[in-house]
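> the sequence and its predicted three-dimensional model are supplied below.
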Amino acid sequence: MELIPSIDLRRGQVVRLERGDDARATVYPFDPLELLERFAAAGVTRVHVVDLDAAFGSAPQAALLRRLGEGGAVKSLQLGGGLRSVAAVERALSWGFERVVVGSMVVRDPAGFAVLAAAQLGRVVPALDCAAGVVRVAGWSELSALSWKEASIALRDLPCPAVLVTDIERDGMLSGPNLELAAGVARVSGIPAIVSGGVSSAGDLTRALATPGVGAAILGRAFYDGRVSVEEALAAAGAAVSGARA
């Protein structure tokens, strides 16, 4: 049971979008490297980094991402955004990221994704980004033909450490995470879920991490807007672990 802060990057700046809409971005005055150091000092062991430039079809923020990956402040970094080919995944891993998050390939090339997951054992996290129960791809801009359940079935028996589940309608909206969706994906796929989108408080984190099948939760806007500190979030995650052991 794990807390994973998120750093979303657009044109070198730390931002948060509402429902993945680039026109509804809030820019925060934080240096990404300093954020990593702050997270590490608080005791965070994994951070989720998103390259929104690549997600929206532009060139990846290679220089910045390499600096983050090689910085070593946080034990484990996972990178998502625009990783739609084996070459893109291998490049991200070479920059020092321990795990990569892959979305479009899961839907567009499931056989190729299965080969990739086996080749990069334990380092590839599939992402199911859903709106109204249907998976979206290409930076959430395109609707696929798959429901979350159909996509989850395709993930069964793959050697993935987790599956990232985002309710697009809640992302950046501070309206509470969709725990039913995350639990459903975990149950059908057989892979622990990372729930993303809508976390607004330490209470949301406690409920998320107490949900069967949910192994981690991503914290984004709630932290940047000052609604919950990283220390409070880690305490909530620790309380969830203690409750599960009891």
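Yep, that arrived.
> ok but residue 212 is inside a strand, no?
No. Per DSSP: H, G, I helix; E, B strand; the rest coil, residue 212 lies outside any strand segment and is coil.
> return the distance of it relative to residue 153.
Distance check for residue 212 against residue 153: by C-beta to C-beta, to the nearest Å, it reads 19 Å. For the C-beta atoms, the positions are set from N, CA and C on the backbone; glycine is no exception.
> cool, residue 90 as well?
To residue 153, residue 90 is 27 Å away according to C-beta to C-beta.
> ditto for residue 7
Distance from residue 7 to residue 153, counting by C-beta to C-beta: 32 Å.
> so for those two, which sits in the more crowded spot?
When residue 7 is set against residue 153 and neighbours are counted by other C-beta atoms under 10 Å, the residue ahead is residue 7, at 22 against 13.
> for whichever strand or helix holds residue 144, list the C-alpha coordinates in CSV.
If you go by DSSP states H and E, residue 144 is part of strand 142-147. In CSV, the C-alpha atoms belonging to strand 142-147 read as follows (Å, rounded to 0.1, in the frame of the first residue of the first chain):
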residue,chain,number,x,y,z
GLU,A,142,-9.2,9.4,-28.6
LEU,A,143,-12.0,7.1,-27.6
SER,A,144,-11.1,3.4,-28.0
ALA,A,145,-13.6,0.6,-28.7
LEU,A,146,-12.8,-1.1,-25.4
SER,A,147,-14.6,-0.9,-22.1
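> list the buried residues for that strand?
When burial is assessed from 16 or more other C-beta atoms under 10 Å, strand 142-147 yields the following buried residues: 144, 146.
> show residues contacting it.
Contacts to strand 142-147, defined as C-beta atoms under 8 Å, 6 or more residues apart in numbering, come from residues 107, 131, 133-137, 151, 154.
> against which helices or strands is the helix or strand just after that strand packed?
The element immediately downstream of strand 142-147 (helix or strand, assigned by DSSP H and E) is helix 148-154. With contacts defined as 3 or more C-beta pairs under 8 Å, 6 or more residues apart in numbering; DSSP states H and E, the packing partners of helix 148-154 are helix 104-108, strand 124-131, strand 134-137, helix 179-189.
> which stretches of the protein have low pLDDT?
Filtered on pLDDT under 70, the chain yields the residue ranges 172, 240-246.
> now do the strands in it.
Shown for the chain, the strands assigned by DSSP state E span residues 2-10, 13-18, 21-28, 46-51, 76-80, 99-102, 124-131, 134-137, 142-147, 163-167, 193-196, 214-219.
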